[in-house]
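Chemist: I'd like to go over a predicted model; first the sequence, then the structure.
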Amino acid sequence: MDKYFEYVHTVGFEETNLVGNVYYVNYLRWQGRCREMFLKERAPEVLADLRDDLKLFTLRVDCEFFAEITAFDELSIRMRLAQLAQTQVEFSFDYVRLDPDGRETVVARGRQRVACMRGPNTQTVPARVPEALIRALEPYAAAGL
């Protein structure tokens with residue numbers, strides 16, 4: 001299997017509803033958190049660029065569920081590069097429950113498409129994906145990309 005960037009998360013009570021299931025919005029939050037940790041750990045040059053005039057706009061997110069998770073489940077959110085275009089990047093995410101006995105269960109899959117933009121907030125224009133981001137993502141390209 002191809003390589004992935006991993007963000008490990010333990011589900012908390014505040015992320016569940018009265019029945020104990022995880023709220024949908026948290027899956028999307030975890031995608032964003034995984035992407036942020038990737039930038040921090042693997043592409044710090046891009047963080048500096050974000051402080052300047054680079055903007056990453058999320059265009060689309062989705063998540064498909066296969067199994068329920070509850071408070072204190074340990075998750076591995078595994079991010080891969082699904083597609084790279086001149087001004088956009090698409091990520092895929094596997095949400096894997098890490099069971100105490102060592103078993104791993106894919107509980108959900110998601111995708112996220114991001115556009116690179118530059119300029120002041122009122123006049124942003126599409127921009128090429130920064131070279132530093134492309135280099136950082138190369139090891140995580142999905143098979144066949």
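Modeler: Good, I have the coordinates.

Chemist: Per-residue pLDDT of the closest residue to Gly20 other than its chain neighbours, please?
Modeler: Spatial nearest neighbour of Gly20, excluding adjacent residues (C-beta to C-beta, 6 or more residues apart in numbering): Thr70 at 4.8 Å. Bear in mind the C-beta positions are built from the backbone N, C-alpha and C, glycine included. On the pLDDT scale, Thr70 is placed at 93.

Chemist: how deep is Thr70 tucked in, by neighbour count?
Modeler: Neighbour count for Thr70, taken as other C-beta atoms under 10 Å: 14.

Chemist: Strands along this protein, start to end?
Modeler: Under the criterion DSSP state E, the chain contains strands at 5-10, 54-65, 74-84, 88-98, 104-118, 125-126.

Chemist: Tabulate these (CSV), appending mean neighbour count and distance to Ala143.
Modeler: What follows is the strands of the chain, written out as CSV (neighbours: other C-beta atoms under 10 Å; distance: least, C-beta to C-beta, whole Å):
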stretch, mean neighbour count, distance to Ala143
strand 5-10, 16, 15
strand 54-65, 14, 19
strand 74-84, 19, 9
strand 88-98, 20, 11
strand 104-118, 18, 15
strand 125-126, 10, 28
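
Chemist: Figure out which of the ones you listed is closest to Val25.
Modeler: Nearest to Val25, of all the strands of the chain, is strand 54-65, at 9.8 Å by C-beta to C-beta.

Chemist: Spatially central residue for the chain, please.
Modeler: Centroid check for the chain by C-alpha atoms, centre = their mean gives Gln31 as the closest residue, at 3.5 Å.

Chemist: Whichever helix in the chain runs longest to strand 104-118, inter-axis angle?
Modeler: Counting by DSSP state H, the longest helix found in the chain is helix 24-42. Using axes from the mean of the first three to the mean of the last three C-alpha atoms, to 10 degrees, one finds that helix 24-42 and strand 104-118 are set 70 degrees apart in direction.
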